[in-house]
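Q: Quick check, what structure comes out for this input:
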Amino acid sequence: MLCNGRSGPVYRTKMITRAIKDTFCANLLSVLRNNDLFVFKRYRSMFVPKSKAVENHHLDIIRNFLQNNKRITVLTGAGVSTESGIPDYRSEEVGMYARSNHTPIRYQEFLRNTDRRQRYWARNFVAWPQFSSFQPNTVHYVLSSWEKSGQLHWLITQNVDALHSKAGTKRLTELHGCSHRVECLSCHMKMPRTEMQVLLTNLNPDWHAESIDIAPDGDVQLDDELVQTFQIPPCPNCGGLLKPEVVFFGDNVEKSKVDFVYDKISESDALLILGTSLQVYSSYRILLAAHKQKKQIGAINIGPIRGGHYLDFHIKAKCGDLFLLLG
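A: Down below sits the predicted model:
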């Protein structure tokens, strides 16, 4: 029988798990400081869930899909960015929810609670140098090449990491916004996230903290006591609240953006879903729209997909492996 006391097996297991996580973070921090890219690739792979090898019939499926559909809309999720070193939320064993008690900030919390805004910006300030340095991977570059060849009609991403833009994609809708931009909630002035970092640095010249376990939204874990002295700037234009130009949990995607995405699907021959379970409704309804319009729908995702019965095919493999073999 398991014992839940501080001396029992459950407690010891939790302590061992915490020790492993702390060691991982310490080692990764050392790797980043020393710019050891070879070793970092080994740590980066820890964020990608286990998957089966790509098989020849998988390649046949994708090649036929590309041959039969000349104008494709692609929907990407966090499973595309894990191969660049950014963890996702929901993957078994390696996702943020499996490895920590991390909970993304909710929109109403950010609006109403000064302490929560202070905590958010302190953590984002610490994460930004690393989060902004992540680079595109094979999937991002292949999709960019599809755009250049005319095969990619439009790309819709749930990710806020700007990796598709870094890879050169132009025909792009960032469904949940982008953490590389900041907006004022009062006057709607916008600025690059790099400028926000300067404002935060100037207000907090002697404040310092480190953390490694970055979330998909560019958040990290810090002790609450540490963030109590962190100062956040008002909008330099009107004095209003500054917020990343992203859709927080509890907020809604603008209707105009949703309508625009539906139009792009209607203009396309098919929808290809990459690296997402579609658990968030804002992305799931894109699948529903494509199904309603009788488009062919395919998916490449290691894990299960909400609404899987609507798919014409589902390849349970790593997107990067399959795209690399496509040539």
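
Q: that's a strand at Ala299, yeah?
A: Yes - assessed with DSSP: H, G, I helix; E, B strand; the rest coil, Ala299 lies in a strand.

Q: For the closest residue to it other than its chain neighbours, name its beta-bridge partners.
A: Among residues not flanking Ala299 along the chain, Ile273 sits closest, at 4.0 Å (Cβ to Cβ, 6 or more residues apart in numbering). Backbone N, C-alpha and C define where each C-beta goes, glycine included. Here Ile273 sits in beta bridges with Leu75, Ala299, as judged by DSSP bridges.

Q: so Ile273 makes contact with Arg306?
A: No - applying Cβ atoms under 8 Å, one finds Ile273 not in contact with Arg306, separated by 10.4 Å.

Q: ok, the two, which is more surrounded?
A: Taking other Cβ atoms under 10 Å, Ile273 and Arg306 do not tie; Ile273 has more neighbours (27 against 14).

Q: Next up, the contacts around the more buried one.
A: Ile273 is in contact with Val74, Leu75, Gly77, Leu287, Ile297, Gly298, Ala299, Ile300, Asn301, Ile305, Leu311, counting by Cβ atoms under 8 Å, 6 or more residues apart in numbering.

Q: do Val227 as well
A: For Val227, the contact set (Cβ under 8 Å, 6+ apart) comprises Gln118, Arg119, Ala122, Arg123.

Q: list residues touching both of Ile273 and Arg306?
A: Joint contacts of Ile273 and Arg306 (Cβ under 8 Å, 6+ apart) are Leu287.

Q: Could you pull out the strands in the stretch 101-250 of the chain for me?
A: Applying DSSP state E, counting those that start in this stretch to the stretch 101-250 of the chain gives strands spanning 152-157, 172-174, 177-184, 190-192, 242-246.

Q: TSV please, covering these and showing mean pLDDT.
A: Below are the strands of the stretch 101-250 of the chain laid out as TSV (pLDDT from 0 to 100):
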stretch	mean pLDDT
strand 152-157	98
strand 172-174	98
strand 177-184	97
strand 190-192	97
strand 242-246	97
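
Q: which one of those strands is the most hemmed in?
A: Neighbour counts (mean count of other Cβ atoms under 10 Å) averaged over each of the strands of the stretch 101-250 of the chain peak at strand 152-157, with a mean of 24.

Q: Who are the packing partners of that strand?
A: In terms of contacts (3 or more Cβ pairs under 8 Å, 6 or more residues apart in numbering; DSSP states H and E), strand 152-157 is packed against strand 72-76, helix 138-149, strand 172-174, helix 255-267.

Q: neighbours of His314, just the number please.
A: His314 has 16 neighbours, counted by other Cβ under 10 Å.

Q: And the pLDDT for it?
A: Reported pLDDT at His314 in the predicted model: 98.

Q: Against Leu287, how distant is it?
A: Using Cβ to Cβ, to the nearest Å, His314 is found at 12 Å from Leu287.

Q: swap in Asp263?
A: The gap separating Asp263 from Leu287 is 16 Å, by Cβ to Cβ.

Q: Compare these two (neighbour count), which wins?
A: Taking neighbours as other Cβ under 10 Å, Asp263 and Leu287 compare with Leu287 leading, 24 against 11.

Q: quick one: what helix or strand has that one in it?
A: According to DSSP states H and E, Leu287 maps onto helix 281-292.

Q: Hmm, Lys166 is touching Ser132, no?
A: No - Lys166 is beyond contact range of Ser132, at 10.1 Å (criterion: Cβ under 8 Å).

Q: give the contact list for Leu75.
A: Taking Cβ under 8 Å, 6+ apart as the test, what Leu75 contacts is Ile156, Thr157, Gln158, Leu271, Leu272, Ile273, Leu274, Thr276, Ser283, Ile286, Leu287.

Q: do the same with Thr229
A: Trp207.

Q: ok, now with 10 Å
A: Gln118, Ala122, Asn204, Asp206, Trp207 (Cβ atoms under 10 Å, 6 or more residues apart in numbering).
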